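Chemist: whatever this is, show me its structure:
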Amino acid sequence: MSFRPSPDTMQEQPTASAGEAKAHGDKLENAVADAAGVNVDSQHRAPGLADPSDDAGSALQKAQAEAAELKDAFLRARADVENTRKQAAIDVSKAHKFAIERFAEDLLPVADSLQQALAVSNATPEQLRAGVELTLKQLQAAFGRAQIAEIDPAGDKFDPHRHQAMQMVDSEQPANTVVQVFQKGYSLNDRILRPALVTVAKG
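Modeler: Predicted structure coming up:
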């Protein structure tokens, strides 16, 4: 026995299918609308959340301010260095021009004593000798203040850095000993201005 759908049943199936399709379409449309609403709302951030563009702008302004401060500090430092260099050049120039100013002042009394000695007429040998000795003391004092030391190596061992041998002679003194000083030497702060001229004992 076969079953045949009644006309009423056949008419209800298309009607039910159309309703489901319409409901499904409505759901799909609502889902699309909801998605569109989420996209639109995503463009507007909730209160309390920082905008990255605002943070970037603030960081850029801070970096620019720091860069300006560093540039200003660099320019000031460069100006200070330039001023220091100029002042140092001026100081060196003055040092070259007036390095012997104090020593020259110490030599003025020596010149005065020599002039006074020459101004005395009919001076006795004793007076001349006394004047020369006084002048020599003044000169030695000036040398001492200028750190100029006398080199008188009589009896010392010959030192080629401080002495200049004029001749070698036979002597009872040990070999390479300074026997005689022809001319005294002088040093300035341990730097030899002039070596002493000496005679040295042969070996």
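Chemist: for Gly185, grab the count of nearby residues.
Modeler: 20 (other Cβ atoms under 10 Å). Every C-beta, even on glycine, is put in place using the N, C-alpha and C of the backbone.
Chemist: with the one 10 residues further on instead?
Modeler: Here the count is done by other Cβ under 10 Å, and Pro195 has 20 residues near it.
Chemist: now do His163
Modeler: Look at His163: counted by other Cβ under 10 Å, it has 21 neighbours.
Chemist: hmm, Asp170 is touching Lys202, no?
Modeler: Yes: the pair Asp170 / Lys202 is scored as a contact, 5.6 Å apart, by Cβ atoms under 8 Å.
Chemist: higher neighbour count, those two?
Modeler: With neighbours defined as other Cβ under 10 Å, Asp170 and Lys202 compare such that Lys202 has more, 13 against 8.
Chemist: what helix or strand is the closest residue to that one other than its chain neighbours on?
Modeler: Spatial nearest neighbour of Lys202, excluding adjacent residues (Cβ to Cβ, 6 or more residues apart in numbering): Met168 at 4.8 Å. Secondary structure assignment for Met168, by DSSP states H and E: strand 163-169.
Chemist: got a list of contacts for that strand?
Modeler: Residues outside strand 163-169 that contact it (Cβ atoms under 8 Å, 6 or more residues apart in numbering): 151, 153, 158, 178-179, 182, 185, 195-202.
Chemist: sheet-wise, list the partners of that strand with their directions.
Modeler: In the sheet, strand 163-169 lines up against strand 196-201 (parallel) (DSSP bridges).
Chemist: still on that earlier bit, name the residues of the strand holding Met168 that are buried.
Modeler: Neighbour counts over strand 163-169 (16 or more other Cβ atoms under 10 Å) mark His163, Gln164 as buried.
Chemist: can I get the helix or strand following it in PDB, CA atoms only?
Modeler: The C-terminal neighbour of strand 163-169 among helices and strands, as given by DSSP H and E, is strand 178-183. The C-alpha coordinates for strand 178-183 follow below in PDB (Å, rounded to 0.1, in the frame of the first residue of the first chain):
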ATOM      1  CA  VAL A 178     138.500  66.400  37.000                       C
ATOM      2  CA  VAL A 179     141.900  67.900  37.800                       C
ATOM      3  CA  GLN A 180     141.400  71.500  36.900                       C
ATOM      4  CA  VAL A 181     138.400  73.700  36.000                       C
ATOM      5  CA  PHE A 182     139.100  76.300  33.200                       C
ATOM      6  CA  GLN A 183     135.600  77.700  33.200                       C
END
